[in-house]
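Undergrad: sequence below, structure please.
(one chain, ligands or ions: 2)
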Amino acid sequence: MLRSFRFNSTFSSAKVLAALSNPNLVKTEGHINGEWVSTHDKFAVKNPGVDGDFVAQVSSLSLEDAERAIGIAKREFNKFKKTTPRYRSLLLSNLNKLMLDNQQDLAKLIVLENGKPYADALGEVKYAASFFQWFAEEAPRVYGDIISSANPANKILTLKQPVGVCGILTPWNFPSAMITRKLGAAIAAGCTTVIKPASETPLSALALAHLAQEAGFPDGVVNVIPSNHTAEMGQLITTHPLISKVSFTGSTRVGSLLMGQLAPTLKKLSMELGGNAPFIVFEDADIDKAVDGAIVSKFRSSGQTCVCANRLYVHESIYPEFTTKLTQRLVDTVRLGHGLDEAVTHGPLIHENSMKKVTSHIEDAVSKGAQVLMGGGPRPDLGANYHELTILGNVTSDMEIVHEETFGPVAPIIKFSTEEEVVAAANDTEFGLAGYFFSKDISRVFRVAQELNTGMIGVNTGAISEAALPFGGVKLSGFGREGSKYGIEDYMITKSVVLGEVN
Ligand SMILES: NC(=O)c1ccc[n+]([C@@H]2O[C@H](COP(=O)([O-])OP(=O)(O)OC[C@H]3O[C@@H](n4cnc5c(N)ncnc54)[C@H](O)[C@@H]3O)[C@@H](O)[C@H]2O)c1
Ligand SMILES: O=CCCC(=O)O
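TA: Ligands and ions are numbered 1, 2, ... in the order given. Take a look at the predicted model:
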């Protein structure tokens, strides 16, 4: 059995918040036009790691507040779009620095509201800040074109212009990085923003708003509207005529709903949605490296990332060695418990619904013949949201876990015999966000990388995320690319200007 740690009262939210070095980061009100907006209507932010512990009561902004934020963002857009890329680059650099200066406190906020272990939370803060650094560097490097015309008297110019006010809708699994990957690009392009953070994790978003103000952002450029009226806020943002672009990260179900709402106003749209990542270990792989890669890819944030491996396909000739080594490595290294315990490597899941999905996937698989090789159940002794890291062997394609994203700490292992068979199985899904495979055969590396229908592929690595990566999917995993040299494009329009009589 894996070692684990019981809850210690020093991890209660009140104590952790009281001990932050920079108490100004703890904001519980909305942020519109540079002002903090308090409401009578509040919602509770729960600490997923400690039953019954609340991190904060946060103002739940109304639709009228959101309308005001959008109007202000539009007014400010008309000024902000005229600022120079160098100026916006400086704002982003300042914000990157302030995030890094406050990284320990920001990480503690993430642990409290999301549950992930402190080391992972610190990693998220650095990852989140890196998008500001990246887009600070991209902002001055946006170029238009001069194009020859069919008419010898004409020249065609293209201008890159910011798209307008951007609605940013984000999930709870990366309370900071899912905002900064969008916000960094939007600011670099010259857009203004209205951010609706997940109601599970608004504190990281509000801390960012505070730091943006400290970094010198003009009022009204970054507006944050926490609310537990999520569906109504989504409806307003997707239909509002003053919003020109919406970027959403979350489930395919909600993404598809938002896209329907948005159709009448035809806004520019980016969607980072669910995945069902295959992780393939070929017979020629370095098995120890594949085991390391599987742990990183499958169990990062206890399986709650959209790029987590969801199905592990292992060649039949190495199946016994791979499963034994994977199980042993986890038994030796994993510590389940509260994210602020330094020894802990894996924390709780976000809430009851996640626990239910994990349980139902395990029950379905076991009822159809899967074998529990490790873990398999909840840990109520630690708290309501703790679940053992679990490995299932002898998984087959009739099991739900092969077709649906678990978003939890379960690794289902499926045997395969040929490359053709495993590529077909890996592609047999409506989703296409990330995929992974391990092989030392360079021909196979190129062949399989081209054949897998996903937006991102890790070859001989389970860790792909960074600011330089064009992040995004295909099929029901969405569209648009975030981060990278492509990310800023989604926040700009290309305007063509035909100059006559220039010859
Ligand atoms: N692709 C990604 O980067 C990514 C990241 C995180 C989560 N996910 C997906 O999200 C799922 C788990 O999270 P979940 O169940 O909380 O997903 P979800 O789509 O229900 O919620 C995600 C976020 O979307 C927002 N949201 C929900 N309903 C909305 C609505 N009607 N209008 C506007 N915004 C709305 C909320 O802020 C919420 O936190 C996973 O199964 C995974 O597929 C994907
Ligand atoms: O879960 C979604 C994003 C994960 C990542 O950026 O690595």
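Undergrad: near ligand 2, which residues of the chain are found?
TA: 173-174, 177, 305-307, 465 (Cβ under 6 Å from any ligand atom). Every C-beta, even on glycine, is put in place using the N, C-alpha and C of the backbone.
Undergrad: dump these into JSON lines; add neighbour count and distance to residue 136 as well.
TA: Formatted as JSON lines, the residues of the chain next to ligand 2 follow (neighbours: other Cβ atoms under 10 Å; distance: Cβ to Cβ, whole Å):
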{"residue": "173", "neighbour count": "24", "distance to residue 136": "25"}
{"residue": "174", "neighbour count": "27", "distance to residue 136": "20"}
{"residue": "177", "neighbour count": "25", "distance to residue 136": "16"}
{"residue": "305", "neighbour count": "21", "distance to residue 136": "25"}
{"residue": "306", "neighbour count": "27", "distance to residue 136": "26"}
{"residue": "307", "neighbour count": "26", "distance to residue 136": "25"}
{"residue": "465", "neighbour count": "19", "distance to residue 136": "19"}
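Undergrad: among the residues you listed, which are in reach of ligand 1?
TA: Among those, the residues within reach of ligand 1 (Cβ under 6 Å from any ligand atom) are 173, 306.
Undergrad: which of the residues of the chain next to ligand 2 lies closest to residue 188?
TA: residue 177 (16.3 Å; Cβ to Cβ).
Undergrad: look up how far residue 212 lies from the nearest residue to that closest one once chain neighbours are set aside.
TA: Using Cβ to Cβ, 6 or more residues apart in numbering and skipping residues adjacent in sequence, the residue nearest residue 177 is residue 128, 4.0 Å away. Going from residue 128 to residue 212 by Cβ to Cβ, to the nearest Å gives 13 Å.
Undergrad: packing partners for the one helix or strand residue 211 maps to?
TA: Using DSSP states H and E, residue 211 sits within helix 202-214. Here helix 202-214 touches strand 30-32, strand 54-59, helix 85-101, helix 103-114, helix 177-189, strand 222-224, going by 3 or more Cβ pairs under 8 Å, 6 or more residues apart in numbering; DSSP states H and E.
Undergrad: again, 6 Å this time
TA: With contacts taken as 3 or more Cβ pairs under 6 Å, 6 or more residues apart in numbering; DSSP states H and E, helix 202-214 sits against helix 85-101, helix 103-114, strand 222-224.
Undergrad: among those, which is nearest residue 314?
TA: helix 103-114 (30.9 Å).
Undergrad: contacting residues for residue 12?
TA: By Cβ atoms under 6 Å, 6 or more residues apart in numbering, the contact list for residue 12 reads residue 53.
Undergrad: OK, contacts around the residue in the chain that ligand 2 sits nearest to?
TA: The minimum distance from the chain to ligand 2, using Cβ to the nearest ligand atom, falls at residue 465 (3.2 Å). Applying Cβ under 6 Å, 6+ apart, we find residue 465 in contact with no residue.
Undergrad: quick one: it from residue 278, how far?
TA: When distance is defined by Cβ to Cβ, residue 465 is 17 Å away from residue 278.
Undergrad: in the protein, which residue sits closest to ligand 1?
TA: Residue of the chain nearest ligand 1, by Cβ to the nearest ligand atom: residue 234 (2.1 Å).
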